[in-house]
Each structure stands twice: as C-alpha cells, then as structure tokens.
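Chemist: Sequence and predicted structure, then a few things I'm wondering about:
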Amino acid sequence: MEVFFISPASSKPLWFIAFIGLFLTFILAILVYTAYSSLHSRVELSSNRLRLVGDFWGRTIPLESLYVSEARILDLDRRSDYALKRRTFGTGLPGYASGWFRLRNGEKALVYLTRREHVIYIPTSLGYSLLLSIEEPERFKETLQRQITSEDGERG
C-alpha cells in the first residue's frame, strides 16, 4: 500500500478558529458579567448625586436633575402606561432588564428592573426617567427627598 499525503493547509483555518474562540470567550465574559450584575446592582446615594452601579448602563446622576416631588412607586402590571414597551439599548432577560427603554407612554427611561411591582419611577430634567427595583422603595424615596431638602437648605 502506498500512502499519499494531502498538502498541508495554510495557517488561515487556525487563525479563523482562534478568532471564533476569542469571540466566544468575549461573549461568555459579557454574559457572566451581566449575570453577576443582575444579582449585585445597587443605587448609591450621596449628598449631591445618585449613582447607579450595575452592568454596562450604570451612571452618576446629579440630585438637582431629579424631580423627586414627582417620584412615585408603581406596579407596572397595573400602571401599563409606565411599562416597558421597547428596548432601545440595554439588557432584556427574563427577570432582569437594564439600560435604555421606551415606556408605553413614549418616555425614554433608564431602567434597572428585577421585578414589576414596587418599582420607583423618578423623572429627571435630563430627558429621561428612572425606573428602579429598589428593595425598600418608600424608604429610598424618603431618603432622596431628605437629601434634596438638606441640599437646598445648604444652598440657601
């Protein structure tokens, strides 16, 4: 029996496989980070800012841009005009939504939602509203109101 070898391939298939492997590793890292963030997102409130800490959509918002007097606690199943209508740039998984969404009433909103009941809604002067699943929304709203009031007192 005689054996004839096939000419070896160039390195292109190896580069292609390496690229696909790196791409899949990158996607896996994003998914792991999103899963971690869905369990560890938080709101940090300081004397002059509200900081959303979570996945890719976290940001710092000055307290003076929040309309706290218009904030309310909602059940999104009952108040459908504030329910999420369309994700424009964000994460939408079962039981977790974060990022930029349009609400049914047409508003643009930055959301961190893990449940649909006891959600705090806070309009801002920045062209969007916040929808947040805070564990104690009533206490958060009172604390936010106190922060705004004490900051106004310091300015006056």
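Modeler: Good, I have the coordinates.
Chemist: Which pLDDT value belongs to G153?
Modeler: G153 is assigned 53 on the pLDDT scale.
Chemist: Is N48 in contact with I61, as I believe?
Modeler: No - counting by C-beta atoms under 8 Å, I61 is not a contact partner of N48; they are 10.3 Å apart. (C-beta placed from N, C-alpha, C; glycine too.)
Chemist: tell me the centre residue of this protein?
Modeler: In the chain, the centroid-proximal residue (C-alpha atoms, centre = their mean) is S98; its distance is 2.8 Å.
Chemist: The helix or strand containing that one: which residues count as buried?
Modeler: Per DSSP states H and E, S98 falls inside strand 96-103. For strand 96-103, a neighbour-count test (16 or more other C-beta atoms under 10 Å) marks Y96, A97, S98, G99, F101, L103 as buried.
Chemist: any idea of the mean pLDDT in the biggest helix by length in the chain?
Modeler: Looking across the chain with DSSP state H, the single longest helix is helix 12-40. The predicted model assigns helix 12-40 a mean pLDDT of 94.
Chemist: what about that helix, distance to the chain center?
Modeler: Offset of helix 12-40 from its chain centre (C-alpha atoms, centre = their mean, to the nearest Å): 20 Å.
Chemist: The helix or strand following that helix pairs with which strands?
Modeler: Using DSSP H and E, the helix or strand that follows helix 12-40 in sequence is strand 42-45. Its sheet considered, strand 42-45 pairs with strand 49-53 (antiparallel) by DSSP bridges.
Chemist: Return the list of helices and strands in contact with the longest helix of the chain.
Modeler: Helix 12-40 is packed against strand 84-93, strand 96-103, with contacts defined by 3 or more C-beta pairs under 8 Å, 6 or more residues apart in numbering; DSSP states H and E.
Chemist: In a markdown table: these, plus distance to Y36 and mean pLDDT.
Modeler: Below are the helices and strands packed on helix 12-40 laid out as a markdown table (distance: least, C-beta to C-beta, whole Å; pLDDT from 0 to 100):
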| stretch | distance to Y36 | mean pLDDT |
| --- | --- | --- |
| strand 84-93 | 12 | 92 |
| strand 96-103 | 11 | 95 |
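Chemist: and those strands as CSV, adding distance to G54?
Modeler: Shown next, in CSV, are the helices and strands packed on helix 12-40 (distance: least, C-beta to C-beta, whole Å):
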stretch, distance to G54
strand 84-93, 9
strand 96-103, 6
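Chemist: Excluding sequence neighbours, find me the nearest residue to V111.
Modeler: Counting by C-beta to C-beta, 6 or more residues apart in numbering, L131 is the residue found nearest to V111 once chain neighbours are left out, at 4.3 Å.
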